[in-house]
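Undergrad: Fold the stuff below for me.
(chains A, B, C and D)
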There are 2 protein chains.
Amino acid sequence: MATPLEKARKDPESMKGRILKTARRVFGEYGYHGATTRMIAEAVGIDASTMYYHWGEKSDLYEAVVLDVHYDLKEKLAEVERIIRGRPLPDRMDIAIDMTTDYLFEHPEISNLVLFRYFGKTRDESVLDIYVPELVSDIAFSMGLCDDKNNVPKIVRMRVLAVMNSIHNFISGESFFRSMLSEDRAQYMGMVKETLKYILIPAFTYR
Amino acid sequence: MATPLEKARKDPESMKGRILKTARRVFGEYGYHGATTRMIAEAVGIDASTMYYHWGEKSDLYEAVVLDVHYDLKEKLAEVERIIRGRPLPDRMDIAIDMTTDYLFEHPEISNLVLFRYFGKTRDESVLDIYVPELVSDIAFSMGLCDDKNNVPKIVRMRVLAVMNSIHNFISGESFFRSMLSEDRAQYMGMVKETLKYILIPAFTYR
DNA sequence: TTCTTTCTCCAACGTTTGATGGAACATCCT
DNA sequence: AGGATGTTCCATCAAACGTTGGAGAAAGAA
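TA: Presented below is the predicted three-dimensional model:
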């Protein structure tokens, strides 16, 4: 008894999986309103009605995309956490920034979708209202900023949000910032990591 | 011989001014694609064709809005700069964060529009490609991170971008983050300032 | 007054949008 | 074989979209 999303994630080559993957990219590039069902269908190479057969309305597909992205994010976070556990804080942050940045640069639509969701006004009571706080608490614990995952002080959650957003910003804004600095991708990625470490590490360590 | 934008900025009560002000808000809330010409016209209380009489196509109106916002931002920056000049760096940052945050909380559409512009994909060679780098250089100089306004190292510009974005994020994401933390507006504003200072000041001072 | 210019709205246009119904094809079970 | 089920495309819909032309009101100049 698998949900459509579980099926699509398990078998990315299936029609459901291909649509989901493409919808992620297109929604990520143009936002909810900027992306049309026809754009997505054309990108997959199918008719729009086939999409409706598999995912229903546009808003349902979008919801699935957002959820899909957060599953990935959660998995990646668990992987990072496993590697940095037990090390001293500056090392933990150094490694976490490297790994997270590398991962998001490979999947920039994740950052796009997350930021669109935070800042856009499509906000009508969503699954994100549960998943984001959970993710934030996990990161707070992983950074050693709290002892109890289930009771993270608000000010600590704010700091975690600041960290998450700083990373997403540089990924999402790549095309704008890079053309502003006229750097190639590799150099830009290097500067992003350097800048993030320059700003974030002192805040949490030199005290 | 004033441009339409200059006229609208000088006389906010004129039809041009009222349309511009409302378009700022609506574009800021829903983004370029999410906002419709009819929504804006209705919010002003006029017919859509009157809007076309004053501002032309939707994209032209949007361009005017973006430019308008950046004029405001530039003015505010100059005001901040005047006040913090000559003080020690930690004080400068403390005051600048307070002033900027207060101002943007009063005009949240500014942060929305700026972030939409960075992250969205409506990017077809715009005035922003000139104004943003200029703004970044001004801030870098104001923070004492460079000696020559016309030759700011790339890594310094990256740091300034990180600072700017951190602030915009908390303003734009207010509705999402606030409902996540279940705080009222005043408490949230206080936490934003505290968090920004916690993260940003050590990075640029404790070295 | 009358003429001219500026402004505003109404009605409508062509297009794109999200969405649906049904025919055609494919796959599988018996 | 034949029928049931699952999948895909074509044609099409109504609504919403950006945009336009033209009628008429408002304001100013003569």
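Undergrad: anything in stretch A:36-44 near chain B?
TA: No. In terms of CB under 8 Å from any CB of the partner chain, no part of stretch A:36-44 sits within range of chain B; the closest distance is 9.4 Å. Any C-beta I mention is one placed from the backbone N, CA and C, and that applies to glycine too.
Undergrad: Kindly report the same for stretch A:68-84.
TA: No. Using CB under 8 Å from any CB, stretch A:68-84 stays clear of chain B, coming no nearer than 13.9 Å.
Undergrad: got a list of contacts for that stretch?
TA: Identification of contacts with stretch A:68-84 by CB atoms under 8 Å, 6 or more residues apart in numbering or on different chains yields A:5, A:8-9, A:20, A:24, A:91-92, A:95-96, A:99-100, A:103, A:107, A:109-110, A:113-114, A:127-128, A:131-132, A:135, A:138-139, A:142.
Undergrad: Stretch A:20-29 too?
TA: With contacts defined as CB under 8 Å, 6+ apart, stretch A:20-29 is touched by A:5, A:8-9, A:12, A:35, A:39-40, A:43-44, A:55, A:61-62, A:64-65, A:68-69, A:108-110, A:112-113, A:116, B:121.
Undergrad: Return only those of those found close to DNA strand C.
TA: A:35, A:39 (CB under 7 Å from any atom of the strand).
Undergrad: Just the ones of the contacts of stretch A:20-29 in strands?
TA: Among those, no residue falls in strands (DSSP state E).
Undergrad: Just the buried ones from the contacts of stretch A:68-84?
TA: Buried members of these, scored by 16 or more other CB atoms under 10 Å in any protein chain shown, are A:5, A:8-9, A:20, A:24, A:92, A:96, A:99-100, A:103, A:107, A:109-110, A:113-114, A:128, A:131-132, A:135, A:138-139, A:142.
Undergrad: Among the contacts of stretch A:68-84, which ones are in helices?
TA: Counting by DSSP state H, these place A:5, A:8-9, A:20, A:24, A:91-92, A:95-96, A:99-100, A:103, A:109-110, A:113-114, A:128, A:131-132, A:135, A:138-139, A:142 in helices.
Undergrad: What segments of chain A are helices?
TA: Counting by DSSP H, the helices of chain A are A:4-10, A:15-34, A:37-44, A:48-55, A:58-84, A:89-106, A:108-119, A:128-142, A:154-172, A:174-181, A:185-205.
Undergrad: winner for burial among these?
TA: Among those, helix A:108-119 has the highest mean neighbour count (mean count of other CB atoms under 10 Å in any protein chain shown), at a mean of 24.
Undergrad: How about it and chain B, touching?
TA: Yes. Residues of helix A:108-119 contacting chain B under CB under 8 Å from any CB: A:112, A:115, A:116, A:117, A:118, A:119.
Undergrad: Using TSV, please lay out those residues together with pLDDT and distance to residue B:192.
TA: Compiled in TSV, those are given as follows (pLDDT from 0 to 100; distance: CB to CB, whole Å):
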residue	pLDDT	distance to residue B:192
A:112	95	23
A:115	94	17
A:116	90	21
A:117	88	19
A:118	87	14
A:119	85	15
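Undergrad: can you put those residues in a markdown table and add distance to residue B:85?
TA: Shown next, in a markdown table, are the residues of helix A:108-119 next to chain B (distance: CB to CB, whole Å):
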| residue | distance to residue B:85 |
| --- | --- |
| A:112 | 38 |
| A:115 | 34 |
| A:116 | 38 |
| A:117 | 39 |
| A:118 | 34 |
| A:119 | 32 |
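Undergrad: will you turn those residues into a markdown table that also has distance to DNA strand D?
TA: Shown next, in a markdown table, are those (distance: CB to the nearest atom of the strand, whole Å):
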| residue | distance to DNA strand D |
| --- | --- |
| A:112 | 22 |
| A:115 | 23 |
| A:116 | 19 |
| A:117 | 21 |
| A:118 | 23 |
| A:119 | 20 |
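Undergrad: Just give me the closest of these to DNA strand C.
TA: When the residues of helix A:108-119 next to chain B are compared for distance to DNA strand C (CB to the nearest atom of the strand), residue A:116 wins out at 14.8 Å.
Undergrad: Which pLDDT value goes with the closest residue in space to the closest one that isn't next to it in sequence?
TA: Excluding its sequence neighbours, the residue lying closest to residue A:116 (CB to CB, 6 or more residues apart in numbering or on different chains) is residue A:31, at 5.2 Å. With respect to pLDDT, residue A:31 has a value of 93.
Undergrad: and residue A:31, what is it in contact with?
TA: Counting by CB under 8 Å, 6+ apart, residue A:31 has contacts A:116, A:120, B:31, B:33, B:34, B:120, B:121.
Undergrad: Out of those residues, the closest to residue B:173 would be?
TA: The shortest approach to residue B:173 among the contacts of residue A:31 belongs to residue A:120, at 10.1 Å (CB to CB).
Undergrad: Distance check, that closest one against residue A:6.
TA: 27 Å (CB to CB, to the nearest Å).
Undergrad: Please verify my assumption that residue A:65 contacts residue A:113.
TA: Yes. At 6.8 Å, residue A:65 and residue A:113 qualify as touching, with contact defined as CB atoms under 8 Å.
Undergrad: tell me which parts of chain A are close to DNA strand C?
TA: By the rule CB under 7 Å from any atom of the strand, the part of chain A lying against DNA strand C is A:35, A:36, A:37, A:38, A:39, A:48, A:49, A:52, A:57, A:58, A:59.
Undergrad: of the residues you listed, closest to chain B?
TA: Of all those, the one with the least separation from chain B (CB to the nearest CB) is residue A:35, at 8.5 Å.
Undergrad: Spell out which residues of chain A are next to DNA strand D.
TA: By CB under 7 Å from any atom of the strand, the part of chain A that sits against DNA strand D consists of A:15, A:45, A:46, A:47, A:48, A:49, A:50, A:53, A:54.
Undergrad: Contacts only, for the residue nearest the centre of chain A.
TA: By CA atoms, centre = their mean, chain A has its centre lying nearest to residue A:110, at 3.6 Å. Taking CB under 8 Å, 6+ apart, we find residue A:110 in contact with A:28, A:69, A:72, A:73, A:104, A:171.
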